[in-house]
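**Q** pasting the structure only:
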């Protein structure tokens, strides 16, 4: 088996022979065998271990096995002993985040080039079933990659039985994690119940399933190339937004993959795919981003929920910046030529200063806002209806500022001005506001 691992590493060019390697070791069979293998092959390794203290003395004994092996073989070891509880939520997920954050810290502090984990063939199969149960796409179904950036998994094609045989032959000390034999966690249930049940009917299931997963990995490499080409043609990114165009059924597989990439939950992805024909639908991901369906395109924004503001325009204001743009502010004398020239510019508004009270205010649109549009005989109109007339989606709405005097909206820049403070033949002094959208 040592020859097989050596050949796997050399043939796959997983990392250079002289690379500084950081090996994640739990004290269990898989990682202790990998540590013994790499040390025997004279690779430059160090060990890293996290003691969560979740299993009392058993956790301490796991750490001791790792430390003893490292000391006996002259290998540097890094051990984190947690002194606080993991907190609420998914225990395995929290432990994983702590573990990988510690790996990254040690790698950066000691200049290790690669982080190795001891995932093996059975882990690949378990991950396939786990991701399948969550409605994963092609990326999830291809399961664990052998190389993912600086993370390398040299044992991915090695089965568990071979690891047992190696440990017995070379008398590798390791610890059994008793929690692996309970079905409290989903992966344990898959390992202990689902796979053995299928195997009882289909004895070659593990080998055949591994072959199918390898086919998926090959197909995924081709898909990634096609996906990159699709993105270049269909995605336009600007100002913290992603505009995604689509023409029909052929684009759906790429859209679903993209949504998973930007952290939409699988269940949310399904809902989005079922709603592509419903303009105006809004969906959130766990990063605070918002996706809006808008007439044969999707718009994804990472800033829609972060734009609340309330700014004053005073007598002395000249330039005022807000999210998605800025205002230029100018006081001056009224001239007929100036006023007529600027009437058609929707991003400029001119107000009669005589009755205009300062300060003015800039703020977000709020539900229930109303404006008395110029030319509507003093009647008010809901700003929401103004937006609907302009066919603005929710992301576009979030970018439109309201210019207010007291509790009255006097201008919706780029769209509509009110009938307040209009200039006339008696106007002598004016205030000119120019909206400069980003």
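**A** That came in fine, so what should we check first? From a predicted model like this one, the values you see are computed outputs, not experimental measurements.
**Q** need the contact list for the closest residue to residue 159 other than its chain neighbours.
**A** Closest residue to residue 159 apart from its sequence neighbours, by CB to CB, 6 or more residues apart in numbering: residue 121 at 4.8 Å. The C-beta positions use only the backbone N, C-alpha and C, and glycine is treated the same way. Taking CB atoms under 8 Å, 6 or more residues apart in numbering, we find residue 121 in contact with 155-160, 206, 210.
**Q** just flag the most distant two among those residues.
**A** 155 and 206 (15.1 Å; CB to CB).
**Q** bridging residues for residue 322?
**A** Under DSSP bridges, the beta-bridge partners of residue 322 are residue 325.
**Q** surely it touches residue 309?
**A** Yes. Using CB atoms under 8 Å, residue 322 makes contact with residue 309 at a distance of 5.4 Å.
**Q** show the contacting residues for residue 309.
**A** Applying CB under 8 Å, 6+ apart to residue 309 gives the contacts 322-323, 362-364.
**Q** ok, now with 6 Å
**A** By CB atoms under 6 Å, 6 or more residues apart in numbering, residue 309 lies in contact with residue 322.
**Q** low-confidence ranges, this structure, go.
**A** 1-3, 5-6, 85-89, 303-307, 336-343 (pLDDT under 70).
**Q** tell me how it divides into domains.
**A** 2-120+146-205, 239-301, 310-437 (automatic domain parsing).
**Q** could you point out the longest helix in this protein?
**A** helix 205-234 (DSSP state H).
**Q** tell me the helix or strand right after that helix.
**A** Per DSSP states H and E, helix 205-234 leads on to strand 235-238 as the next helix or strand towards the C-terminus.
**Q** the stretch 201-350 of the chain: helices as residue ranges?
**A** 205-234, 249-261, 266-274, 336-342 (DSSP state H, counting those that start in this stretch).
**Q** buried stuff in the second one?
**A** By that I understand helix 249-261. If you call a residue buried by 16 or more other CB atoms under 10 Å, then helix 249-261 has these buried ones: 251, 253-260.
**Q** swap in the third one?
**A** When neighbours are counted by 16+ other CB under 10 Å, the buried residues of helix 266-274 are found to be 266, 268-269, 272.
**Q** and that helix, what does it pack onto?
**A** Packing partners of helix 266-274 (3 or more CB pairs under 6 Å, 6 or more residues apart in numbering; DSSP states H and E): helix 249-261.
**Q** now do the helix it packs on and helix 205-234, the angle between them.
**A** Orientation check (axes from the mean of the first three to the mean of the last three CA atoms, to 10 degrees): helix 249-261 against helix 205-234 gives 100 degrees.
**Q** that older thread, which one of residue 155 and residue 206 has more residues nearby?
**A** The residue with more neighbours, out of residue 155 and residue 206, is residue 155; 24 against 18, by other CB atoms under 10 Å.
**Q** what sits against that one?
**A** Per CB under 6 Å, 6+ apart, neighbours of residue 155: 34, 118, 120.
**Q** contacts only, for the closest residue to it other than its chain neighbours.
**A** Excluding the flanking residues, the one nearest residue 155 by CB to CB, 6+ apart is residue 120, at 4.4 Å. Shown in contact with residue 120 (CB under 6 Å, 6+ apart): 30, 155, 158.
**Q** pipe those into CSV and attach secondary structure per row.
**A** Shown next, in CSV, are those (DSSP: H, G, I helix; E, B strand; the rest coil):
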residue, secondary structure
30, helix
155, coil
158, coil
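**Q** what about the helices in the stretch 51-200 of the chain?
**A** 57-72, 91-110, 121-133, 138-141, 160-170, 186-189, 195-201.
**Q** now render these as JSON lines, adding distance to residue 245.
**A** Formatted as JSON lines, the helices of the stretch 51-200 of the chain follow (distance: least, CB to CB, whole Å):
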{"stretch": "helix 57-72", "distance to residue 245": "52"}
{"stretch": "helix 91-110", "distance to residue 245": "35"}
{"stretch": "helix 121-133", "distance to residue 245": "29"}
{"stretch": "helix 138-141", "distance to residue 245": "22"}
{"stretch": "helix 160-170", "distance to residue 245": "47"}
{"stretch": "helix 186-189", "distance to residue 245": "38"}
{"stretch": "helix 195-201", "distance to residue 245": "42"}
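**Q** before we move on, back to that, wait, which of the contacts of residue 121 is closest to residue 350?
**A** residue 156 (69.0 Å).
**Q** and the closest one, how far from residue 389?
**A** Separation of residue 156 from residue 389 (CB to CB, to the nearest Å) stands at 58 Å.
**Q** more neighbours: these two, which one.
**A** Per other CB under 10 Å, whichever of residue 156 and residue 389 has more neighbours is residue 156, with 21 against 11.
**Q** now the residue nearest to that one when sequence neighbours are not counted: phi and psi?
**A** Counting by CB to CB, 6+ apart, residue 156 lies nearest to residue 146, which is 4.8 Å off, once chain neighbours are set aside. Per-residue torsions, residue 146: phi -70, psi -40 (degrees, to the nearest 10).
**Q** what's around residue 146, how many residues?
**A** Neighbours of residue 146 using other CB under 10 Å come to 17.
**Q** pretty sure it contacts residue 158?
**A** No. Using CB atoms under 6 Å, residue 146 is not in contact with residue 158; the gap is 11.4 Å.
**Q** before we move on, the earlier item: export the domains of the chain as a markdown table, with columns for distance to residue 218.
**A** Shown next, in a markdown table, are those (distance: least, CB to CB, whole Å):
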| stretch | distance to residue 218 |
| --- | --- |
| domain 2-120+146-205 | 13 |
| domain 239-301 | 17 |
| domain 310-437 | 38 |
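**Q** of all these, which lies closest to residue 138?
**A** Evaluated over those, closeness to residue 138 peaks at domain 239-301, with 7.0 Å, by CB to CB.
**Q** mind checking the end-to-end distance for that closest one?
**A** End-to-end span of domain 239-301 (CA to CA, to the nearest Å): 9 Å.
**Q** show me how far that domain is from its chain's centre.
**A** 13 Å (CA atoms, centre = their mean, to the nearest Å).
**Q** so residue 366 sits in a strand?
**A** No. Counting by three-state DSSP, residue 366 is not part of a strand but coil.
**Q** what's the neighbour count on it?
**A** Residues lying near residue 366 (other CB under 10 Å) number 11.
**Q** now swap in the one 5 residues further on and tell me
**A** Applying other CB under 10 Å, we find 25 residues neighbouring residue 371.
**Q** just the one 3 residues further on next, same as before
**A** The local packing of residue 374 (other CB under 10 Å) involves 12 other residues.
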